[in-house]
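Visitor: Need a 3D model of the sequence below.
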Amino acid sequence: MSQETKFTKLVKISEKERKEITKTYIKGDTYKTNFDSLGKAVCIIYNELKEVETNGDDMNKKELEQFKAEILNVVWSSQDRFLEIIQKQRQVDKEEIERQRQKDKEEAEKQRQKDKLEFEARLNSFENKILEIRQKDKEEAERQRQKDKEEAEKQRQKDKLEFEARLNSFENKILEIRQADKEEIERQRQKDKEEAEKQRQKDKLEFEARLNSFENKILKMRQKDKEE
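Guide: Take a look at the predicted model:
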């Protein structure tokens, strides 16, 4: 590979590293400033040399080649040093990225465990709420059962009292009916007694009348016989 080809490659690498690598891998203002300056210097020198070669400046070819060789020795050694810095920094960054990846992994695991605990807590809370609701429903059902039982007992007592009242009323009605019947019987008995007494008196009077009539007939007959 000729020096010019090396030089061209170096300039291209410098431009690329200056525009991209320095933004990503070079840490610290000093390295970045030096590397930017180096890249700019390479670009300027290369452009000037190309201008000399193209326009045929007074500098002869031997002097030009010597000047290019001197620049390349300085720049190339500096480039190797900066590339080494870049490689080291890349390794540092790689390790940092790995540490960050592990950190992120650990954080993700912590978050997963946290989410798991939170989910389990919410699940336990949900289960506890279900148990509370079931217990509440059970207590409510028990209260309702007791209430229904009490209501049924009240209704039974009410029905019992009502039945007893009706039974007492019925018994009272029976007593009233019996009393009425008894009084009616007594009235009828008195009436029959009175009727019988009236009939007895009537029969007595009728008998006495007949007796008197019979006696009168006897008297008349005796009187007639006497007169005979």
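Visitor: quick one: residue 141 from residue 135, how far?
Guide: 10 Å (C-beta to C-beta, to the nearest Å). C-beta here means a position set from N, CA and C on the backbone, and glycine is covered the same way.
Visitor: Now do the shared contacts for the two.
Guide: When C-beta atoms under 8 Å, 6 or more residues apart in numbering defines a contact, no residue borders residue 141 and residue 135 alike.
Visitor: Which residue ranges of the protein form strands?
Guide: In the chain, no segments count as strands under DSSP state E.
Visitor: mind checking the longest helix of it?
Guide: helix 61-227 (DSSP state H).
Visitor: And the pLDDT at residue 200?
Guide: On pLDDT, residue 200 comes in at 90.
Visitor: That one: neighbouring residues, count only.
Guide: 10 (other C-beta atoms under 10 Å).
Visitor: Point out where this protein drops to low pLDDT.
Guide: Residue ranges of the chain with pLDDT under 70: 1-86, 89.
Visitor: ok, now with 80
Guide: When residues are selected by pLDDT under 80, those of the chain lie in 1-93, 225-228.
Visitor: Quickly note the distance from residue 146 to residue 188.
Guide: Going from residue 146 to residue 188 by C-beta to C-beta gives 61 Å.
Visitor: How about residue 210?
Guide: 31 Å.
Visitor: ok so, going back, which strands and helices sit next to the longest helix of the chain?
Guide: For helix 61-227, the helices and strands in contact under the criterion 3 or more C-beta pairs under 8 Å, 6 or more residues apart in numbering; DSSP states H and E are helix 3-16, helix 29-55.
Visitor: change it to 10 Å
Guide: helix 3-16, helix 22-24, helix 29-55 (3 or more C-beta pairs under 10 Å, 6 or more residues apart in numbering; DSSP states H and E).
Visitor: And residue 195, how far from residue 205?
Guide: 15 Å.
Visitor: Residue 190 now?
Guide: From residue 190 to residue 205 the distance is 22 Å (C-beta to C-beta).
Visitor: Same question for residue 150.
Guide: 80 Å.
Visitor: what does residue 114 give?
Guide: 131 Å.
Visitor: Could you list the residues in contact with stretch 170-190?
Guide: Residues outside stretch 170-190 that contact it (C-beta atoms under 10 Å, 6 or more residues apart in numbering) are 164, 169, 192, 195.
Visitor: Next up, the contacts around the last one.
Guide: Taking C-beta under 10 Å, 6+ apart, we find residue 195 in contact with residue 188.
Visitor: what do you get for the third one?
Guide: When contacts are counted by C-beta under 10 Å, 6+ apart, residue 192 touches residue 185.
Visitor: How much space separates it from residue 198?
Guide: 11 Å.
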